[in-house]
Structures are given as C-alpha cells and as structure tokens.
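Visitor: Just the structure for this:
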Amino acid sequence: MPDLLTAAEHPDLFARWRDGDGLFAVNGTVRYGAFARHYYPVVFEGRRQDASFAVVEGDKPRLLAAATVGDGCLDYYGSPLRLFLAEPGDGSAIAAAFAHLDQVMEAQGLRQATIADDTPSGRLSAIGEACLNRHFHPALRMSAWADLSEGEVSLRRGLRKSYKSLLNWGKANMTVSVVDRDNPDRAQFDRFLAFHQTVAGRATRAQGIWDSLFAWIEAGRGELVLGMVGDELVAGTVVCDAEGSAYYVSGVYDRERFDKPMAHWPLWAAMLRAHERGLTRFELGDIPIDGDATPKEVAIGFFKRGFASEIATSLVWSRTAPQ
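Guide: Residues are numbered from 1 along each chain as shown. Sure, this is the predicted structure:
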C-alpha cells in the first residue's frame, strides 16, 4: 500500500518534488507553482489552508496534489485542485488520493470541491472516473497560450489578422516603460496602482496583494509593462513568470480611450520581452464563453484569443453537497 505524506509535515521533501527532478515540475505552472504559493495566500488572507499531499511508494513520490481547504471548499486557492502524476493514469495512486480527499471533506465538513482533469486522452481519465463515481459534474475549461519559442516569428503565427494594424498604431503612438528587477521603480508601480483604482472606480485589491506582486517583480520573476501616450499613463500589463512560462496576471487600460487600441501594444511588448527572458510559453488565461461568465469577461476572453497560438481544453469536476 502506498503511503501518504502532507506538505505541512514534510516541507523540504515537497520543495524538492515541486521543483521537478523529472517527475512533476509543479513550479513550471503559474497557478500551482511558486508564484501561487507566494501570491494567493496573501489574496485569500488566511481563508485557505494548504492541504497539499503526496502519495508515496517507498521513497518515490507517485502523485503530488496541490490542494487547499477553507470557506467550506476543497480546491487550490480558488482554482480547481490538481493531481500531478509521475506516471500518467496511475490508477492506484489516484485511488489513494481520492480516498484521502474523501476523508478530508468528511472530517472538515466541506460542501464544495473542484478538481482539475488535464488528461489529454479524449476519453474518460482515471481522475474523471473517480470524480464521476463520486457524483461530480464536469465542465469544459478553455485556456489560451502563445508560443514564445521563436519570438515574434512564432507569435505572429497565432496573431489575429485584424490585430496587425492595431499593433502598428500602438507602436507609432505609444511608448513603453518597464518595472522589473533592473528597474524596480516603486514610484512607477504605485502610479500603476493608482491608475488601476481610477479605472476600476475603487480599490479592488488590498495593499498587501500589490506589495506581494511588487516583491515578485523586484526579485526578477516578472514585469510591469506601462503604456504611455505622451506623458499620460493609459495602460498597464502585469506578467509573472514560472519555470519556462509567463502568465498574464493583470491588464488595466484607459476605458475612455477605447476608440483606440490601448491594450494591444503593451501586451505584445510584454510577450516579446518574455521571450527575451528565455521563456517559451505565454499563458493568457481562461477563455470563458457566453452563458458561463459576464459579458465583460467574455469580451476579455475574445481579446486574449487574438494573441493565442492554441486554445487548450480540459475538464473541471465539481460537486456541491446539499445543505
């Protein structure tokens, strides 16, 4: 029988396993890697506790689970929890993981659970079967990403044709400045923060969240790309890095100027700079569809799709227990 170890009891082992050593490469993902562990505890302000665990055979980890509990939910800081497998389709490791998850839900009285199923098989996976047997419901998830491997050459293969003239406008009419490890300008970062609040009409994030983002950027793990028209700030794009990937964390653009393409050039510049940092993939994030999100969220998804090399599909399994 495999053993089960928790991240709380064995932090050094989990630090090594998350770095990969050829098995899991958890830190190669932004949602579940080092950035998530740095940023999302601040966002949730103690409302989630780490419940990550591993299924181990001897001294060999077979499965690594990124999981949190809190607010009556079993997930991973608001995203679906994810099971990383050393061997795809390892049924006994998956069975052991779900037996543990059953115990956690019952012991803590959790009503909601969401689980990611990224198995690209075109058929019901072992994770999917375990969820189905527990009366979870599946939903399609779409995520966009862009290929940075050849820089501008590979990016332009996926670029929406109508965006070419919009990028040309931005290149001719906007200037770009960057806050990063080489230029950790807190004043410029705070200017972006004030711009964000002006556009949103309110403070949408606590100060500690902004401080956490700045610390990540200052450490050389991301950038803030600012777009200017003359001396006026009109756009800001925040990108954070994982191992090999960059992630589009936030974009803020002057809505009063939406007759002009304020968003396109700063994001394009951020993507090109990610390639220059040696990254090969740019994660644009989820692409919601009509009926599953607000019109604003759907419009943002349409905007991001215009930069995408590929739309990846996966399943999210969810269950809500009756009250």
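
Visitor: right, and residue 94 touches residue 63 too?
Guide: Yes. The pair residue 94 and residue 63 qualifies as a contact (Cβ atoms under 8 Å) at a distance of 6.9 Å. In short, each C-beta sits where N, CA and C put it, glycine included.

Visitor: helix or strand right after the lowest-mean-pLDDT helix or strand in the chain?
Guide: One helix or strand of the chain scores below all others by mean pLDDT, DSSP states H and E: helix 11-19, with a mean of 86. Moving toward the C-terminus from helix 11-19, the next helix or strand (DSSP states H and E) is helix 34-44.

Visitor: what packs against that following helix?
Guide: helix 207-218, strand 232-241 (3 or more Cβ pairs under 8 Å, 6 or more residues apart in numbering; DSSP states H and E).

Visitor: Residue 126: which of those is closest?
Guide: Residue 126 lies closest to strand 232-241 among the helices and strands packed on helix 34-44, at 31.5 Å (Cβ to Cβ).

Visitor: Pairing partners for that closest one, with directions?
Guide: strand 222-229 (antiparallel), strand 245-253 (antiparallel) (DSSP bridges).

Visitor: which outside residues touch the shortest one?
Guide: Spelled out, that is strand 222-229. Residues from elsewhere that reach strand 222-229 (Cβ atoms under 8 Å, 6 or more residues apart in numbering): 170, 173-180, 188-189, 191-192, 213, 216-217, 233-241, 246, 249, 253, 257, 262, 265-267, 269-270, 273.

Visitor: Which among those residues count as buried?
Guide: 170, 173-174, 176, 178-180, 188-189, 192, 213, 216-217, 233-241, 246, 249, 253, 262, 265-267, 269-270, 273 (16 or more other Cβ atoms under 10 Å).

Visitor: just for this protein, where's the confidence low?
Guide: Where the chain drops to pLDDT under 70, the residues are 20-23, 121, 323.

Visitor: Just put the strands paired with strand 232-241 in TSV and tack on distance to residue 19.
Guide: Formatted as TSV, those follow (distance: least, Cβ to Cβ, whole Å):
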stretch	distance to residue 19
strand 222-229	19
strand 245-253	15
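
Visitor: Just tell me which of these ends up closest to residue 116.
Guide: Residue 116 sits nearest to strand 245-253 of all the strands paired with strand 232-241, at 16.0 Å, using Cβ to Cβ.

Visitor: Could you list every helix and strand in contact with the helix or strand immediately after the closest one in the chain?
Guide: Sequence-wise, the next helix or strand downstream of strand 245-253 (DSSP H and E) is helix 264-276. Contact here means 3+ Cβ pairs under 8 Å, 6+ apart; on that basis helix 264-276 packs against helix 152-158, helix 163-173, strand 175-179, strand 222-229, strand 232-241, strand 245-253.

Visitor: Now distance to residue 56 too, for the ones you listed, in CSV please.
Guide: Shown next, in CSV, are the helices and strands packed on helix 264-276 (distance: least, Cβ to Cβ, whole Å):
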stretch, distance to residue 56
helix 152-158, 39
helix 163-173, 48
strand 175-179, 42
strand 222-229, 33
strand 232-241, 30
strand 245-253, 27
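
Visitor: Pull the residues that contact the least confident helix or strand of the chain.
Guide: 5, 7, 23-27, 33-34, 52, 54, 61, 64.

Visitor: Show me which of the residues you listed is closest to residue 114.
Guide: residue 52 (15.2 Å).

Visitor: Let's have the helices and strands packed on helix 34-44 in CSV, adding distance to residue 86.
Guide: Below are those laid out as CSV (distance: least, Cβ to Cβ, whole Å):
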stretch, distance to residue 86
helix 207-218, 29
strand 232-241, 25
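
Visitor: do you know which of those lies nearest residue 132?
Guide: Between those, strand 232-241 lies closest to residue 132; by Cβ to Cβ that is 34.5 Å.

Visitor: so how far is residue 162 from the closest residue to residue 260 other than its chain neighbours?
Guide: Leaving aside its sequence neighbours, residue 260 sits nearest to residue 169 (Cβ to Cβ, 6 or more residues apart in numbering; 6.9 Å). Using Cβ to Cβ, to the nearest Å, residue 169 is found at 12 Å from residue 162.

Visitor: Run the angle between the host helix or strand of residue 282 and helix 264-276 for me.
Guide: Secondary structure assigned from DSSP H and E places residue 282 in strand 281-286. Strand 281-286 and helix 264-276 are oriented at 140 degrees to each other (axes from the mean of the first three to the mean of the last three Cα atoms, to 10 degrees).

Visitor: So what pairs up with residue 49 in the strands?
Guide: Here residue 49, judged by DSSP bridges, has bridge partners residue 69.

Visitor: Now do the same contact list for it.
Guide: Applying Cβ under 8 Å, 6+ apart, we find residue 49 in contact with 68-70.

Visitor: State which helix of this protein is the longest.
Guide: helix 91-108 (DSSP state H).

Visitor: Show me how far it is from its chain's centre.
Guide: Centroid separation for helix 91-108 versus its chain: 25 Å, with Cα atoms, centre = their mean, to the nearest Å.
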